[in-house]
Structure formats: structure tokens, C-alpha cells
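Chemist: Please find the sequence and the predicted model below.
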Amino acid sequence: MLTRLLALGLSKKPVSEKERNKDELARLLRRYDRATLYDQVWSRPVYEIAKSYGISEVRLGKVCRKLMVPVPPRGYWARVRRGYKLKKSSLPKFT
């Protein structure tokens, strides 16, 4: 039945989770440059960067996780304002 509906163009071919993730990753890589995003995340607070992209902070966090971009830990910017010298995580290779 499904093949008949596909042949008539009345239904779409089911997409696997792996294909969906691959498509989303390709779309994110077209929109965001990993190195630029990494530099931005470690130079300014996330809410400022999210505002410049026109997305929410939560969405920016999800984008960073998908693209394997490390973000500063909680309280990082408060410590920086206090004058602490903190190490910046390096950008891992993307697989």
C-alpha cells in the first residue's frame, strides 16, 4: 500500500533518525562556522551571541552541542569579571 501511495506522490518516504540527524547537521554547518562560533562563545556571554543570531540561548546551546563546540562552564563570566585567569577549552576535531 505504501509503495502505491509513494508512486502516486501521496505519501513521503519514511526518513530514518540517522538520515534526519545527518540532514540537520549539514544545515547547521551551512549556517554556522564552528571556529567563529567557538571564538564568539569564549569572548562574550551566550545571551549576547544568541541575540546577534536571532535565536534563543537554549537553541544556541543545542547548536553548540551538535557541532561539538565547547562552551564556558556555569559562572565563567562572573569569575572573569572578578579577575580570575581561567583556561579556555580547545576546539575538538569534528568527526
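Modeler: Received, thanks.
Chemist: pull the helix or strand with minimum mean pLDDT from the chain.
Modeler: Across the helices and strands of the chain, mean confidence by mean pLDDT, DSSP states H and E is lowest for helix 2-8: a mean of 79.
Chemist: who touches that helix?
Modeler: S11, K12, K13 (CB atoms under 8 Å, 6 or more residues apart in numbering). All C-beta spots, glycine's among them, are computed from the backbone N, C-alpha and C.
Chemist: Stretch 86-95 now?
Modeler: Counting by CB under 8 Å, 6+ apart, R34, A35, Y38, W42, L67, M68, V69, P70, P72, Y76, R79, V80 sit against stretch 86-95.
Chemist: What mean pLDDT does it get?
Modeler: In this model, stretch 86-95 has a mean pLDDT of 86.
Chemist: buried sites along it?
Modeler: L91 (16 or more other CB atoms under 10 Å).
Chemist: Using CSV, write out the CA atom coordinates for that stretch.
Modeler: This file holds the C-alpha atoms of stretch 86-95, laid out as CSV (Å, rounded to 0.1, in the frame of the first residue of the first chain):
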residue,chain,number,x,y,z
LEU,A,86,40.7,30.7,33.5
LYS,A,87,41.6,28.2,30.9
LYS,A,88,39.7,28.0,27.7
SER,A,89,38.8,24.6,26.3
SER,A,90,40.2,23.8,22.9
LEU,A,91,38.0,23.2,19.9
PRO,A,92,38.0,19.4,19.2
LYS,A,93,38.2,18.0,15.8
PHE,A,94,34.8,17.4,14.2
THR,A,95,34.0,13.9,13.2
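Chemist: to the chain's geometric centre, what's the distance from that stretch?
Modeler: Averaging C-alpha positions (CA atoms, centre = their mean, to the nearest Å) puts stretch 86-95 15 Å from its chain's average.
Chemist: Look at the nearest residue to E24 once chain neighbours are set aside and report its pLDDT.
Modeler: Spatial nearest neighbour of E24, excluding adjacent residues (CB to CB, 6 or more residues apart in numbering): K66 at 7.2 Å. At K66, the pLDDT value in this model is 93.
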